[in-house]
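> Okay, sequence plus prediction incoming.
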Amino acid sequence: MSQNNNTPDHPDEPRGKPKGGVTLLEKSEVKAKKPPRYAVILINDDYTPQMFVVIVLQQVFHKNRTESERIMYTAHTKGRAVIDIFTYDVARTKVGQVRRLAESEGHPLECRIEAIEEGESK
Ligand code: TYC
């Protein structure tokens, strides 16, 4: 029996057409569809301390201090800020971590997940 990499059993057999009529595509012919991505959005409120928001951004999203302050300040002044872009499962996990940290300290801090339109670049 031939190997699954499509090597013929006999040297005279053509490559590429395995028995059973299935055509295997070269890897370069397979269009890998990228998984949909989601923005995690930080929502402003009037009560959560700024320092708490900065710490959460550092702990959950691994942003450095400067970047965390920038994101916090954008949400503070504009009402919301994009924290980062993730696959759905990762975005869900991060939002859950933020919610748990906020609840444990009694702050109303909130994040949301928003789908990114196909074809939109980062
Ligand atoms: N607006 C809050 C304050 O003045 C700070 C804050 C910033 C809260 C960003 C939430 O997403 C937020 N204490």
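Nice, thanks for sending it over.
> Would you enumerate the residues in contact with the residue nearest the centre of the chain?
The C-alpha lying nearest the average C-alpha coordinate of the chain belongs to residue 86 (CA atoms, centre = their mean; 1.5 Å). With contact taken as CB atoms under 8 Å, 6 or more residues apart in numbering, residue 86 is in contact with 37-38, 40, 94. No exception for glycine: its C-beta is placed from N, CA and C like everyone else's.
> Filter the residues you listed down to the ones in helices?
residue 94 (DSSP state H).
> What spatial separation is found between the residue nearest to the centre of the chain and residue 42?
14 Å (CB to CB, to the nearest Å).
> returning to what we had before: and the contacts of residue 86, which are buried?
Buried members of the contacts of residue 86, counted by 16 or more other CB atoms under 10 Å: 37-38, 40, 94.
> I'd like those residues written out as TSV, with distance to residue 77 added.
Below are these laid out as TSV (distance: CB to CB, whole Å):
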residue	distance to residue 77
37	26
38	24
40	19
94	23
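> Is there proximity between the strand or helix carrying residue 73 and the ligand?
Assessed by DSSP states H and E, residue 73 sits inside helix 65-78. Yes. Residues of helix 65-78 contacting the ligand under CB under 6 Å from any ligand atom: 72, 75-76.
> if we can go back for a sec, any chance of JSON lines for the buried ones among the contacts of residue 86, columns distance to residue 61 and pLDDT?
What follows is the buried ones among the contacts of residue 86, written out as JSON lines (distance: CB to CB, whole Å; pLDDT from 0 to 100):
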{"residue": "37", "distance to residue 61": "15", "pLDDT": "97"}
{"residue": "38", "distance to residue 61": "14", "pLDDT": "98"}
{"residue": "40", "distance to residue 61": "8", "pLDDT": "98"}
{"residue": "94", "distance to residue 61": "7", "pLDDT": "98"}
